[in-house]
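Trainee: just coords:
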């Protein structure tokens, strides 16, 4: 079994990847998407989105990070993929699943799911531009507004030479609204032979085993569930291997947030650290209920020193 940390724009940056992979259980990450139009980016842009390129394409814990590209034009995507490979990317992932309105209005993300021939052309061009030893993968949704679009799209991606495919088990119009329709994955597997990674609505051990049962998969990608519970990957690996499953405490989560704040401040300054720490705490309080009072206390605090004092001294009720 392999577990993958999902790319989440504005959330799963290199700092969070470093922290989450240090906790164990993650086999691979994907960067936030780099939006490609008609130019090859200068090296500094690749390093901004994926600093791990300077570390042989892996996090400090040794977990590979694929660079994700988003766009609608095959040739510039291929050219940027080629440069990313030269810079040391562990793999190239193509984003055909982002549901954001702005992205879709500009010919990117899930809007491409309406055109399987375009998916084929993009994957084929990128695959041809990147050395064979470097995986080229794709992330899709079930469809734009019709889940049955997944069949033709998955076949097109396989025939174009993709190494594997990640399927978020909702359509674009579903957004992130529960449930995830895992039952489509066995049907897709009947049509293609490349690996399928199941994605969508996995937050707990119970979710994981239900998804595993329905999809009959051995590879899973987790996004929001990992932000709500940063220890979930380690827990899932332990549960899968029939080991005693560790139960992280709210205090462990608070300490992790404190460390995250310090890392963000060191890399991008105090204002960034406050904003990102609030964002992460908003997720984690859903899993660690004892952190709700902390979130309520600091949700409107803007002063970095005051914010950190609350974060570092907060006492969790037993």
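Mentor: It's in. No experiment lies behind these values; they were computed from the predicted model shown.
Trainee: any idea how the protein splits into domains?
Mentor: 2-240, 250-313 (automatic domain parsing).
Trainee: separation between residue 237 and residue 310?
Mentor: Between residue 237 and residue 310 the distance is 33 Å, computed by C-beta to C-beta, to the nearest Å. Any C-beta I mention is one placed from the backbone N, CA and C, and that applies to glycine too.
Trainee: please identify which of the two sits among more neighbours.
Mentor: residue 237 (18 against 13; other C-beta atoms under 10 Å).
Trainee: reformat the domains of the chain as a markdown table; add mean pLDDT.
Mentor: Output for the domains of the chain, formatted as a markdown table (pLDDT from 0 to 100):
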| stretch | mean pLDDT |
| --- | --- |
| domain 2-240 | 97 |
| domain 250-313 | 96 |
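Trainee: checking residue 243 next. Helix, strand or coil?
Mentor: Of the three states, residue 243 takes coil under DSSP: H, G, I helix; E, B strand; the rest coil.
Trainee: cool, the one 3 residues further on as well?
Mentor: Assigned by three-state DSSP, the conformation of residue 246 is coil.
Trainee: pull the number of nearby residues for it.
Mentor: For residue 246, the neighbour count with other C-beta under 10 Å is 13.
Trainee: my guess is it contacts residue 237, does it?
Mentor: No - at 10.2 Å, residue 246 does not count as touching residue 237 under the criterion of C-beta atoms under 8 Å.
Trainee: show me the contacts for residue 92.
Mentor: 66-69, 81, 84-85, 126, 130, 134-137 (C-beta atoms under 8 Å, 6 or more residues apart in numbering).
Trainee: any idea what it is bridged to?
Mentor: Listed by DSSP bridges, the beta-bridge partners for residue 92 are residue 67, residue 136.
Trainee: how much space separates it from residue 150?
Mentor: From residue 92 to residue 150 the distance is 22 Å (C-beta to C-beta).
Trainee: same check on residue 108?
Mentor: Per C-beta to C-beta, residue 108 is found 19 Å from residue 150.
Trainee: what about the nearest residue to residue 270 once chain neighbours are set aside, how many residues nearby?
Mentor: Spatial nearest neighbour of residue 270, chain neighbours left out: residue 304 (3.4 Å); criterion: C-beta to C-beta, 6 or more residues apart in numbering. Residues within reach of residue 304, counting by other C-beta under 10 Å, total 17.
Trainee: and for residue 287?
Mentor: By other C-beta under 10 Å, neighbour count at residue 287 equals 19.
Trainee: what secondary structure does it sit in?
Mentor: coil.
Trainee: repeat that for residue 61.
Mentor: Going by three-state DSSP: residue 61 is coil.
Trainee: which residues are contacting stretch 145-163?
Mentor: With contact meaning C-beta under 8 Å, 6+ apart, stretch 145-163 is reached by 91, 96, 113-114, 116-117, 119-124, 127-128, 135-138, 140-143, 165, 167, 171-173, 181, 184, 187-188, 191-195.
Trainee: got it, and stretch 211-218?
Mentor: 1-2, 180, 182-183, 185-186, 189, 196-198, 201-202, 220.
Trainee: recalculate using a threshold of 6 Å.
Mentor: Contacts of stretch 211-218 with the rest of the structure, by C-beta atoms under 6 Å, 6 or more residues apart in numbering, involve 1, 182, 183, 185, 186, 198, 202.
Trainee: any of the residues you listed buried? List them.
Mentor: Burial by neighbour count, 16 or more other C-beta atoms under 10 Å: within the contacts of stretch 211-218 this picks out 182, 185, 198, 202.
Trainee: remind me, longest helix of the chain?
Mentor: helix 250-268 (DSSP state H).
Trainee: farthest-separated two in the contacts of stretch 211-218?
Mentor: 1 and 183 (20.0 Å; C-beta to C-beta).
Trainee: let's see the pLDDT reported for residue 318.
Mentor: On pLDDT, residue 318 comes in at 61.
Trainee: now the contacts of residue 92 as TSV including distance to residue 156 and neighbour count?
Mentor: Below are the contacts of residue 92 laid out as TSV (distance: C-beta to C-beta, whole Å; neighbours: other C-beta atoms under 10 Å):
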residue	distance to residue 156	neighbour count
66	20	26
67	22	28
68	19	26
69	17	25
81	18	28
84	23	30
85	23	21
126	13	28
130	18	21
134	21	19
135	18	18
136	14	26
137	14	24
